[in-house]
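> Here is my input, please return the structure:
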Amino acid sequence: MDRTLSAPGKLFLSGEFAVLWGGEARIVGIGPRAHAFVRSRDDRRVDIVLAGGRLSGHATPAGVRWAAPVTDDFKFVSVAVDLAYRLSGVEGPGFSVAFEPSPLVNGHKLGIGSSARAAVLAVEAARHALGATWDTLKLSLLAHADAQNGKGSGADVAASFAGGVVRYRRFDASTLLTAAARGGLVSAVEQSQPVHLARMGEPVFTMIYAFSGKSASTTGLVKEVERRLDVEARKRFVDRSDAHSEALEHGLLRRDFDAVKSASGALQALLWELEVTRTDELERILGIARTFGCGGKQSGAGGGDGAILFAPDESTATQLIESLSARDFVAFRVNPERGLQGEVTRHPLLSSWLDAVD
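Next up, the predicted model:
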């Protein structure tokens, strides 16, 4: 049985660092969407197909026995598929799944959560192929954490799964990671706490994403920030971030643009205090936004990627995008996208990739 799946990318509205230390993040699922195409098999072979190649293996109750070393391009999806078989505890059937490439700008990722989205799509593809009933969000969070040696907040996974605008607190995957390594994964998943995820209303003001021109190294930035801040300093940071985030949400939902500008500015000032997130490109983007009376802040860890900008009306948004584009920044409107879903039509490119390997 064949199935096409799709999921959105993500942008942080607030809480990029706070969510790592117990705070709340507000995130939005955005386009462009990415697709995966899964095809069930009658044997135990498992194929993962990307634009750059293929990884194959054989399904076992203890995971997938890959026929070749797993390279970085396949890391997140291969971990997700391997965990799926371990959670199912079955030898098969196998399946083949192809993934659409994430969009690049001048060879750089846009910073909208491509690895998280790939993990979500891989888990859902396996669930469909195996006829399983597991919690796709929870297993995706586990897979994404496992592929990063327990690092990351999982906020991008939550946004890609749920879509729309959501509040999220970090899911503690440590017990599941231990069970995945030592055994007892099924019972650990069944006994694990629910994911803290709640829907927000959709913002009433136009949102714009402006890409800085280079990708951020999130892991390195987080490591440096955590080296600088002790536990008490992180707690104070979280308290301030959560307060400004709540003010931003209220402004976005209550049509109070002055509150949106004030809260987004306060959130950015707080992030600048971390010292390592600032770049000339981000400062330029935010400076240009201010000249049009718009608000905004970096979206993500900083040191690259881009900024989420808020415009009071469509006319101002158009002028801001034109100004940013004239200065060689990639900028576009963003609207909340639906979360993970199955599609009614066959994906022609991805299905042709699977035809070529069958």
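> Tell me which stretches of the stretch 101-250 of the chain form strands.
Taking DSSP state E, counting those that start in this stretch to define them, one finds strands in the stretch 101-250 of the chain at 104-105, 108-109, 165-169, 197-199, 206-211.
> Please, where are all the helices along the stretch 251-358 of the chain?
Under the criterion DSSP state H, counting those that start in this stretch, helices of the stretch 251-358 of the chain are mapped to 257-272, 280-291, 314-326, 348-357.
> Point out the most buried one among these.
Across the helices of the stretch 251-358 of the chain, the average number of neighbours (mean count of other Cβ atoms under 10 Å) peaks for helix 257-272, which reaches a mean of 20. In short, each C-beta sits where N, CA and C put it, glycine included.
> For it, name the packing helices and strands.
helix 231-253, strand 295-299, strand 306-311 (3 or more Cβ pairs under 8 Å, 6 or more residues apart in numbering; DSSP states H and E).
> which one of the ones you listed lies closest to Leu121?
When those are compared by Cβ to Cβ, strand 295-299 sits nearest Leu121, at 21.8 Å.
> Against which helices or strands is the closest one packed?
strand 2-14, strand 206-211, helix 257-272, helix 280-291, strand 306-311.
> Nearest to Leu229, out of these?
When the helices and strands packed on strand 295-299 are compared by Cβ to Cβ, helix 257-272 sits nearest Leu229, at 12.1 Å.
> from memory Trp272 sits against Arg278, does it?
Yes: assessed by Cβ atoms under 8 Å, Trp272 is found in contact with Arg278 at 5.7 Å.
> ok so, going back, reformat the helices and strands packed on helix 257-272 as JSON lines; add mean neighbour count.
Shown next, in JSON lines, are these (neighbours: other Cβ atoms under 10 Å):
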{"stretch": "helix 231-253", "mean neighbour count": "17"}
{"stretch": "strand 295-299", "mean neighbour count": "28"}
{"stretch": "strand 306-311", "mean neighbour count": "27"}
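> can I get these in TSV with mean pLDDT and distance to Ala122?
Formatted as TSV, the helices and strands packed on helix 257-272 follow (pLDDT from 0 to 100; distance: least, Cβ to Cβ, whole Å):
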stretch	mean pLDDT	distance to Ala122
helix 231-253	97	30
strand 295-299	96	24
strand 306-311	96	26
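> Tabulate these in CSV, adding columns for distance to Ile208.
Converted to CSV, these look like this (distance: least, Cβ to Cβ, whole Å):
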stretch, distance to Ile208
helix 231-253, 14
strand 295-299, 8
strand 306-311, 4
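> of these, which approaches Gly201 most closely?
Closest to Gly201 of the helices and strands packed on helix 257-272 is helix 231-253 (Cβ to Cβ; 4.8 Å).
> That closest one packs against which elements?
Counting contacts by 3+ Cβ pairs under 8 Å, 6+ apart, helix 231-253 packs against strand 2-14, strand 24-40, helix 257-272.
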